[in-house]
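*Asks:* Dropping a prediction and its sequence here:
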Amino acid sequence: NARLAWHTGLPSEPVGERLGAFGAGGVMSATLEPMDVFREVTGLDHLEAQGRPVVERTYGLSFPPENRASFAVDAPKFTHQNRGAPGEETDTRLAHVDAAATVAGREGNVLVGTPSYAEATWMAEALGDRLEKPVLLDESSGDRATESLKDDFFAGDGKVLVTSLRGTLTEGVDYRGDRLSAAVVCGVPIINTARPQTRAVITAYDRRFESGFETALTVPAVRKARQAVGRVIRGPDEHGVRVLLDARYARESWNSVREYLPAHEREEYQPVSPDMLGLALDRFERRAESD
C-alpha cells in the first residue's frame, strides 16, 4: 500500500513559535556553532524578527590547556568511496586502524567513534586483533543493554569502547574523572544521502542557505564529532587526549570541515601526520607526568 508522510524540512518557524510561547529561555551547549545556522534552524532568528530580544554569549574552554592534547590527524578521508566496504583492506582503512590503535593502545579507557554501527563493528574487530586490552562494541540496542555496556566499560582496568557517532554514547554521557582518557573520532558522520527524506531536507536548506548539503548534513555531523571528543575533559583537574581522525578536519580542501570548528578549536586542533601521532602522544604524556 502507498503511504504518505509529511515532514518539516526546515523547522525554523514551528520551533520559533513554540519557543515564543515562553516568557524567556536559554539554549546552551558547547557545540552550537556555526551560530548563524543554529539561530536560523532553531527559530531564534524568527523570534528576533517578531521583536523578541535574542542575546548571544560565547565562552571558551576555561580548563587548563596543558591538561589536554588535541590533534587533527591528516589521514586519508574516511569516505565511502575511499574506504570501500567493511572488510576490504584499503589504504584508507589501514591508515585509520593504525591511528586509532596508536591512541587506543595507551593506558586508560578510550572511546572510538565511527560514522555508523557497521563501521563500528569493523573497527572493533580490527582493534581487537591489534590490542592487548579488551575492546567493547556498542551495537544498536535498547537502554538496558547500553547501560550494561557502560558499566562494563567503567569497571576495572582500561578498555576500548567502539561505537557509532550517531549513537547515544558520544553525547550526554558523563565520563567524569578517570572514566575516559582519550576519544578518537574516525571520519565525519554524515548520514546516508540516498533516502528521499534526506534529499528533501537538503532541498529545503538549499532554498534558505547557500548550500543545503553543508548546512543540513555537514554542520550536524561536525557537531556529533565535537560532542564525542568533548566527553574527555569534564573538569579542571582532568587530563585527556582528543583526536579528530580524517584529513577533512586537518586541512583545507574542497570538502574540508575545518571551517565548521570554532576559531579556538581550529587553533587548538593542530594538524599532525599519522606517522607523527605516536610521538605527539609521548610528548603529551611526558609533560603530564612532569606536572
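*Replies:* It's in.

*Asks:* alpha carbons only for contacts and neighbour counts from here, please
*Replies:* Fine.

*Asks:* Looking at residue 224 now. What's its pLDDT?
*Replies:* The pLDDT attached to residue 224 in the predicted structure is 95.

*Asks:* And the residue most central in space within the chain, its phi and psi?
*Replies:* The geometric centre of the chain, computed from its C-alpha atoms, lies nearest to residue 225 (C-alpha atoms, centre = their mean), at 1.1 Å. Backbone dihedrals for residue 225, given as degrees, to the nearest 10, come out at phi -60, psi -40.

*Asks:* Tell me how far it lies from residue 281.
*Replies:* Remark: distance between residue 225 and residue 281 (C-alpha to C-alpha, to the nearest Å) = 20 Å.

*Asks:* With residue 151 instead?
*Replies:* The spacing between residue 151 and residue 281, counted by C-alpha to C-alpha, is 27 Å.

*Asks:* Show me which of the two is the more surrounded one.
*Replies:* Comparing residue 151 with residue 281 by neighbour count (other C-alpha atoms under 10 Å), the higher total belongs to residue 281, at 18 against 11.

*Asks:* so is that one in a helix, a strand, or just coil?
*Replies:* Taken by DSSP: H, G, I helix; E, B strand; the rest coil, the conformation at residue 281 corresponds to helix.

*Asks:* ranges for the helices of the stretch 151-291 of the chain?
*Replies:* When assigned using DSSP state H, counting those that start in this stretch, the helices of the stretch 151-291 of the chain occupy the ranges 196-208, 212-213, 219-229, 247-250, 263-268, 277-290.

*Asks:* now these as TSV including distance to residue 184?
*Replies:* What follows is the helices of the stretch 151-291 of the chain, written out as TSV (distance: least, C-alpha to C-alpha, whole Å):
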stretch	distance to residue 184
helix 196-208	27
helix 212-213	25
helix 219-229	7
helix 247-250	12
helix 263-268	16
helix 277-290	12
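
*Asks:* okay, those, which one's buried deepest?
*Replies:* Sort the helices of the stretch 151-291 of the chain by mean neighbour count, taking mean count of other C-alpha atoms under 10 Å, and helix 247-250 sits at the top with a mean of 26.

*Asks:* mind listing the strands for this protein?
*Replies:* 68-73, 110-114, 135-137, 160-164, 182-186, 240-245, 270-272 (DSSP state E).

*Asks:* ok, of those, where does mean pLDDT dip lowest?
*Replies:* Of all the strands of the chain, strand 270-272 has the smallest average pLDDT, which comes to a mean of 93.

*Asks:* Cool, thanks, signing off.
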